[in-house]
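>>> this one's structure only:
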């Protein structure tokens, strides 16, 4: 299952080409996976309180088409892979039935001493409902 | 004396009107007053290590003209007022001899317990060289 | 009447003091007044198609308290003044019953030649429902 | 040859983990490749005036270590590949002799009608001095 949320593009996100500036999609991916984790019952803010941090170790975006000011976008996220110390979350940005941007981030699991640790069993279990094979 | 530095406008800072988005000027003001403090011999990163924090309690901008992509801007900052627990720094954004944006921020001095405290005497003394009456 | 919307703070908006970075509130004000205009029946994207642009000529923020990561904020906006060529919109950022940031922007009305023009009668009329005396 | 420039990290770029937020590196890559193009004698702003646009079609970052507030970073960029309609530019972010982030963007060459076109011969020729095999 993919998690889904909507987002309205503000002027702030556009650039002089009249489209959403490319770096903003990494912010969109953050919003999208944060709401996915919340829907999985594990808000990232709670994870941090438990001493679990998920810094990004890799991020990739493929830009297929442009988003514009005031577009009502749909963000979709799902778990592509989780094993050992890493969680890979894929995200997509859609306008209606058109895929604008797709990509993924690899998150490394670290504790409050910034030491890399295995993904907590609870996190793996709760995220399973959003696990998918990527067909993008 | 006003502190002066230059800054090149990236695509990231523009919006679809083809000009620098209005919120970015508060980032410009931050860059400008940070370099002013460094030139005064008190880098803000050092102040924080001494347990002195300067959160913004008020910020105002007046937009006279637009900055564009790839403009080489000049940022000018100076101390407008410092007394008690507050430091007011005025900043200006120029392109050549044209004033694009002017404004100020009021900084409150707090310690590491987030308690409001008087400006350290050293800070007041070092900042004096950048103190000016605002003629803008 | 004040227009009201909610907003969830992403990691992207925070800084190393653990609070929302001060410039982001001007983005929040944009989101807030954009939804107010939409609720008034005049989406800003439609205004631009009609050749009406509202660049910001002045912006001010007063920071009373901090917003944090994952806070569910409430943005409130209302029309403080509209006459001649200017529209002043006040905005507030709340967390529950606590006012965090308040401020306003002055918008100048320009046509597609960037010439300053009177506010369209339709805009003034539609915005009246969100007109208020500021008690902040 | 790699192009090199320096950049000072502002508060604006940090997040509550006390490090530079991951999306900002795509802005750093933009600053870095813009200055590389300028050093190659072809400022991107000039390319746009010639009707040549280089929207990003793919972007990837690998995060090896964190950058912090007030760090004086070094950005390095070089051309990894250019053929047909695509230009691949690799960028790196260093603090002293430590590689913090590496990645690349693939730029598609389009004309003012947003039609994909071959890279102008002049662009290919001028960029050759910054062409390298990636050893990262």
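All right, it came through fine. Predicted, not measured: the structure shown is a model, and the values here were computed from it. Numbers count the residues shown, from 1 in each chain, chains lettered A, B, ... in the order given.

>>> count of residues packed around residue A:82?
18 (other CB atoms under 10 Å in any protein chain shown). Bear in mind the C-beta positions are built from the backbone N, C-alpha and C, glycine included.

>>> the lengthiest helix in chain A vs chain C: in contact?
Assignment by DSSP state H gives helix A:24-39 as the longest helix of chain A. Yes - using CB under 8 Å from any CB of the partner chain, we find that helix A:24-39 touches chain C at A:27, A:30, A:31, A:34, A:35.

>>> quick check: residues of chain A near chain D?
Within chain A, the positions near chain D by CB under 8 Å from any CB are A:17, A:19, A:22-24, A:26-27, A:30, A:53, A:55-63, A:66, A:105.

>>> what about the helices in chain A?
Counting by DSSP H, chain A has these helices, from start to end: A:24-39, A:44-49, A:121-127.

>>> what's next to the longest one, contact-wise?
Translated: helix A:24-39. The set of residues external to helix A:24-39 that reach it, using CB atoms under 8 Å, 6 or more residues apart in numbering or on different chains, is A:3, A:5, A:7, A:13, A:43-44, A:47, A:59, A:61, A:63, A:73, A:75-78, A:89, A:91, A:93, A:101, A:103, A:105, A:127, A:130, C:8, C:10-12, C:70, D:22-23, D:26.

>>> where do the strands sit along chain A?
A:3-8, A:56-63, A:72-83, A:86-95, A:98-108 (DSSP state E).

>>> so where's chain A shaky on pLDDT?
A:134-136 (pLDDT under 70).

>>> again, 90 this time
The model of chain A has pLDDT under 90 over residues A:114, A:132-136.

>>> near chain B, which residues of it? Just list them.
A:11, A:12, A:14, A:15, A:16, A:17, A:18, A:19, A:21, A:23, A:68, A:69.

>>> now with 7 Å, please.
Residues of chain A lying close to chain B (CB under 7 Å from any CB of the partner chain) are A:11, A:12, A:14, A:15, A:16, A:18, A:21, A:23, A:69.

>>> near chain C, which residues of chain A are found?
By CB under 7 Å from any CB, the part of chain A that sits against chain C consists of A:10, A:11, A:12, A:27, A:30, A:31, A:34, A:43, A:45, A:69, A:70.

>>> can you say which of those residues are buried?
Buried by 16 or more other CB atoms under 10 Å in any protein chain shown: A:10, A:11, A:12, A:27, A:30, A:31, A:34, A:45, A:69, A:70, out of these.

>>> and the nearest residue to the second one once chain neighbours are set aside, how many neighbours does it have?
Read that as residue A:11. Distances taken as CB to CB, 6 or more residues apart in numbering or on different chains put residue B:15 closest to residue A:11, at 5.3 Å, once the chain neighbours are dropped. By the criterion of other CB under 10 Å, residue B:15 has 22 neighbours.

>>> list the contacts of residue B:15.
Residues near residue B:15 by CB atoms under 7 Å, 6 or more residues apart in numbering or on different chains: A:11, A:14, A:15, B:21.

>>> same deal with residue A:64?
Contacts for residue A:64 (CB under 7 Å, 6+ apart) come out as A:99, A:100, A:101.

>>> if we use 6 Å, what do you get?
Neighbouring residues of residue A:64 by CB atoms under 6 Å, 6 or more residues apart in numbering or on different chains: A:99, A:100.

>>> give me the distance between it and chain C.
Distance check for residue A:64 against chain C: by CB to the nearest CB, to the nearest Å, it reads 23 Å.

>>> residue A:87 now?
16 Å.

>>> now do the contacts for that residue.
By CB under 6 Å, 6+ apart, the contact list for residue A:87 reads A:107, A:119.

>>> quick check: bridge partners of it?
Per DSSP bridges, the residues bridged to residue A:87 are residue A:82, residue A:107.

>>> can you check residue A:75 too?
residue A:5, residue A:93.

>>> so it touches residue A:5, yeah?
Yes - assessed by CB atoms under 6 Å, residue A:75 is found in contact with residue A:5 at 5.2 Å.

>>> more neighbours, these two?
residue A:75 (24 against 18).

>>> farthest from the middle of chain A: give me that residue.
residue A:16 (26.0 Å; CA atoms, centre = their mean).

>>> contact partners for the nearest residue to that residue once chain neighbours are set aside?
Leaving aside its chain neighbours, residue A:16 sits nearest to residue B:14 (4.0 Å; criterion: CB to CB, 6+ apart). Counting by CB under 6 Å, 6+ apart, residue B:14 touches A:15, A:16, B:69.

>>> from those, which is closest to chain D?
Nearest to chain D out of the contacts of residue B:14 is residue B:69 (CB to the nearest CB; 6.2 Å).

>>> how far away is that closest one from residue B:15?
In this view, residue B:69 and residue B:15 are 10 Å apart by CB to CB, to the nearest Å.

>>> with residue A:98 instead?
Separation of residue A:98 from residue B:15 (CB to CB): 23 Å.

>>> repeat that for residue A:133.
Note on residue A:133: its distance to residue B:15, by CB to CB, is 38 Å.

>>> and the nearest residue to residue A:108 once chain neighbours are set aside, how many residues sit next to it?
The shortest distance from residue A:108 to any non-neighbouring residue, by CB to CB, 6+ apart, is to residue A:57 (4.6 Å). Applying other CB under 10 Å, we find 19 residues neighbouring residue A:57.

>>> any idea how far residue A:57 lies from residue D:114?
Relative to residue D:114, and taking CB to CB, residue A:57 is found at 34 Å.

>>> can you redo the strands of chain A as TSV with distance to residue C:82?
Shown next, in TSV, are the strands of chain A (distance: least, CB to CB, whole Å):
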stretch	distance to residue C:82
strand A:3-8	24
strand A:56-63	40
strand A:72-83	27
strand A:86-95	33
strand A:98-108	36
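
>>> filter the contacts of helix A:24-39 down to the buried ones, ChimeraX style.
A single ChimeraX command is used to select the members of the contacts of helix A:24-39 judged buried by 16+ other CB under 10 Å:
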select /A:3,5,7,13,44,47,59,61,63,73,75,76,77,78,89,91,93,101,103,105,127,130 /C:10,11,12,70 /D:22,23,26
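
>>> what sits up against stretch A:67-74?
So stretch A:67-74 is contacted by A:6-9, A:11, A:14, A:20, A:93-95, A:100, B:16, C:45 (CB under 6 Å, 6+ apart).

>>> out of those, who's nearest chain D?
For the contacts of stretch A:67-74, the residue nearest chain D by CB to the nearest CB is residue A:20; the value is 11.2 Å.
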